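Chemist: structure for this input, please:
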Amino acid sequence: MVMKATEPRDFVFSLFGISCDAAELDLKPDYSKSHHAVLIETATAIISSGTLEILTLAKGSNKSLPSWVPDWSSEIGHNLQHGPWSTSLGISDNFFSLDTPRPSLDLRPYMACRGIKQNSQVITASGDGLSLSISVILLDSVEHIFGSGIIYKSINDDLLQLWDELYNAARTTGSSELPYHNLGDAVFRLLTLDRERVDSRGLWNICRAREEFLSSAQKVFILWRDTYSRNPPVEFWDTLKKDVILDLFTLTSRTVNVGRRPFVTKQGWLGMGLERMIEGDIVAIIAGADVPFILRADEHGHHRLIAEAYFQGLMDGEAAEMGLPVLDIDLY
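Modeler: Just a heads-up that it's a prediction; the model follows:
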């Protein structure tokens, strides 16, 4: 999301006019308040209404603000739940040939917090600053962040090497029992955030990735790694240029992961997070939030929200079934 304004407060006030619940939340333009106060009061009003979706827009770019407060005057970008560009729930009629059956789409949104009891959010002012009390499951810590994001415009040796690194890192990190029953499937769902582009007009559908969509890339990877021992002939690359589904896979992977980098946790879980995360950061599920988040604890034990994150295998409420404790913590 990119907005333009010469007055920083207008980045927020302009949203009041198009918001369906601004009046209900008692949000209205007031130029007697500072930019800092406007940002905090807006976030507080939205969170107090019972929703934590606004946390996905908090990128931590303004150090003078609490980490859970978005700065609308900075570039917000797209979030995981809604994806990049426009979102379409339909498929263009000319995308599939007449003799090809239209696929059955899985339109589920992410729901990582499903099954986790949500306590009331309490915002408290203290000598340490303004804090937001939340209930969380602390899943694991980031062990390794891969140096390269998903930046490749087409499939090449560098991209296949990255896929190989992801696969090996998940297989060798953590305990002897891997968190994934099918590591190959996990890696390739991670690469697209379990999303699939199905509209030829440049719109993006929020459906989950289908097996047939993932299998094209998986087959190429296995051929490159196992059959050709990572040194394929020229004919291999020539064949890839004709694979339309593979092109869609790499385009989807590159587009949904702008500004993100893959990571692996101490227990071998795979994820995708924004570039500001560092090794040692904590992956958490926040009760009431649809996606996981990266948190960071300072020397005083205070937690700050770094950004939302994709966590493969824990985007649909699986965390509540793991038996991990739900903790009450404060975000500063």
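Chemist: thought Arg304 was touching Arg296?
Modeler: Yes: taking contacts as C-beta atoms under 8 Å, Arg304 lies within contact range of Arg296: 5.2 Å. (Glycine included, C-beta is placed from N, CA and C.)
Chemist: domain-wise, how is this structure divided?
Modeler: As assigned by automatic domain parsing, the chain contains the domains 1-77, 83-332.
Chemist: how much space separates Trp269 from Leu39?
Modeler: The gap separating Trp269 from Leu39 is 33 Å, by C-beta to C-beta, to the nearest Å.
Chemist: hey, what's the residue lying closest to Glu279 once chain neighbours are set aside bridged with?
Modeler: Nearest residue to Glu279, sequence neighbours excluded (C-beta to C-beta, 6 or more residues apart in numbering): Val142, at 5.4 Å. Beta-bridge pairing for Val142 (DSSP bridges): Thr265.
Chemist: for Val142, give me its contacts.
Modeler: Going by C-beta atoms under 8 Å, 6 or more residues apart in numbering, Val142 touches 263-265, 271, 273, 277-283, 294.
Chemist: same question, Val122
Modeler: Applying C-beta under 8 Å, 6+ apart, we find Val122 in contact with Leu132, Ser133.
Chemist: how near is it to Ser131?
Modeler: Between Val122 and Ser131 the computed distance is 9 Å (C-beta to C-beta).
Chemist: before we move on, what about Arg108?
Modeler: In terms of C-beta to C-beta, Arg108 sits 33 Å off from Ser131.
Chemist: read off the pLDDT value for Ser88.
Modeler: Looking at Ser88, its pLDDT is 42.
Chemist: quick check: which ranges of the stretch 1-150 of the chain have low pLDDT?
Modeler: Scanning the stretch 1-150 of the chain for pLDDT under 70 picks out 1-5, 20, 23, 76-77, 84-105, 107, 120-121, 126-128.
Chemist: mind listing the strands for this protein?
Modeler: In the chain, the strands defined using DSSP state E lie at 122-126, 129-145, 260-265, 270-274, 282-286, 293-297, 303-311, 327-331.
Chemist: other SSEs contacting the third one?
Modeler: In terms of contacts (3 or more C-beta pairs under 8 Å, 6 or more residues apart in numbering; DSSP states H and E), strand 260-265 is packed against strand 129-145, helix 157-172, strand 270-274.
Chemist: of all those, which one is nearest Leu251?
Modeler: Proximity to Leu251, assessed across the helices and strands packed on strand 260-265 by C-beta to C-beta, is greatest for helix 157-172 (12.2 Å).
Chemist: how about that closest one: buried residues?
Modeler: In terms of neighbour count (16 or more other C-beta atoms under 10 Å), helix 157-172 has its buried residues at Leu159, Leu160, Leu162, Trp163, Glu165, Leu166, Tyr167, Ala169, Ala170.
Chemist: neighbours of Pro262, how many?
Modeler: By other C-beta atoms under 10 Å, the residues close to Pro262 number 27.
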